[in-house]
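Q: Sequence first, then the predicted structure:
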Amino acid sequence: MDNFEENSYGFNDFEDAYSNELNADELVDVRIILTNMDYLEHLSKAVSNFDLSNFNVNILSIIPTKDIEIAKNTIVGADLVLIAAENNAESQKLYQNFKKSLKNEFNYIEYLKLPSLDELNGYEYGDYDDNILEDEIANSIIRGGLYSISNLSSINSSKRKYHDLKNDFDEESLRYDKINKENELLVKESKAIREKNEKLSEEVKILQRQLDQIKSDFSDLKSRFEGIHSKNSLEVYSLNDLWYDLFG
């Protein structure tokens, strides 16, 4: 029995026991864009019978459409997108248009060549030694894998650059944290100095007022002393007058 069901887009979603045994994060997410509806039944059977035990992949869905916008919405998150099309000039052009529109830095677009319907009609899906469409699926996945291997050097170079940048970032982050802590300490010290200066300034004002009062008191004392000093402190009295005043 074919193990697939219709999803919210009206397309086929596949599940197999092997895929369920693996962590989904470890599987290559494969989606198939089918450009000719006449092949839907043949492709669905081929995918259902496809031996995934030979590949670390999960074929999630078949999307029968020639509409690029529909395809964009249905391949989000895919690692490998197979464009299933016939082997002719028109289909090659259609594949190139899909590839140009769907390719991004996170996926790979590969061509899945569809055999002629004459080759597929009347085919019995029990003979695993002569399964043309399954062989084409396998070849497309292998080409995608070989492309990934050919990019390992670039990927490793990017990883090295990433690690170098990460190390530089971590070092700068530590330096920033150190400078930030030093700045916080300087701010605290500056605040303490400012508060101390304000306190000293207040004390200076008090001392200035006291000094002004002392100056004022000294000025008064000086004025009084000068008044006393200017007077004749020794007066000469007549002895007769004093005697008369005392004894009359």
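A: Nice, I can see it.
Q: which residues in this protein form helices?
A: Per DSSP state H, the chain carries helices over the ranges 17-21, 40-49, 68-74, 89-102, 117-120, 132-150, 152-230, 239-247.
Q: Buried deepest among the ones you listed, which one?
A: helix 40-49 (a mean of 18; mean count of other C-beta atoms under 10 Å). C-beta coordinates here come from the backbone N, C-alpha and C atoms, glycine included.
Q: Only alpha carbons, please: show it as PDB.
A: What follows is the C-alpha trace of helix 40-49 in PDB, where atoms were taken according to Å, rounded to 0.1, in the frame of the first residue of the first chain:
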ATOM      1  CA  LEU A  40       2.000  12.200 -10.600                       C
ATOM      2  CA  GLU A  41       0.800   8.600 -10.100                       C
ATOM      3  CA  HIS A  42       4.100   7.200 -11.500                       C
ATOM      4  CA  LEU A  43       6.200   9.500  -9.300                       C
ATOM      5  CA  SER A  44       4.200   8.800  -6.200                       C
ATOM      6  CA  LYS A  45       4.600   5.100  -6.600                       C
ATOM      7  CA  ALA A  46       8.300   5.400  -7.300                       C
ATOM      8  CA  VAL A  47       8.800   7.600  -4.200                       C
ATOM      9  CA  SER A  48       6.800   5.200  -2.000                       C
ATOM     10  CA  ASN A  49       8.900   2.300  -3.200                       C
END
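Q: Would you mind giving the domain segments of this structure?
A: Here the domain parsing of the chain from automatic domain parsing is 4-150, 166-230.
Q: so where's the protein shaky on pLDDT?
A: 1-25, 122-130, 150-153, 155, 226-238, 242-243, 245-248 (pLDDT under 70).
Q: can the helices of the chain go into CSV with extra columns for distance to residue 56?
A: Conversion of these to CSV gives the following (distance: least, C-beta to C-beta, whole Å):
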stretch, distance to residue 56
helix 17-21, 10
helix 40-49, 16
helix 68-74, 22
helix 89-102, 22
helix 117-120, 27
helix 132-150, 9
helix 152-230, 16
helix 239-247, 141
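Q: re the thing from before, reformat the domains of the chain as TSV; add distance to residue 239.
A: Conversion of those to TSV gives the following (distance: least, C-beta to C-beta, whole Å):
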stretch	distance to residue 239
domain 4-150	132
domain 166-230	27
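Q: Select, out of the ones you listed, the one closest to residue 157.
A: Nearest to residue 157 among the domains of the chain is domain 4-150 (13.2 Å), distances taken as C-beta to C-beta.
Q: Centre of the chain to that closest one, how far?
A: Between the centre of domain 4-150 and the centre of its host chain there is 33 Å, according to C-alpha atoms, centre = their mean, to the nearest Å.
Q: Kindly check the end-to-end length of stretch 102-120 for me.
A: For stretch 102-120, the first and last residues are 29 Å from each other (C-alpha to C-alpha, to the nearest Å).
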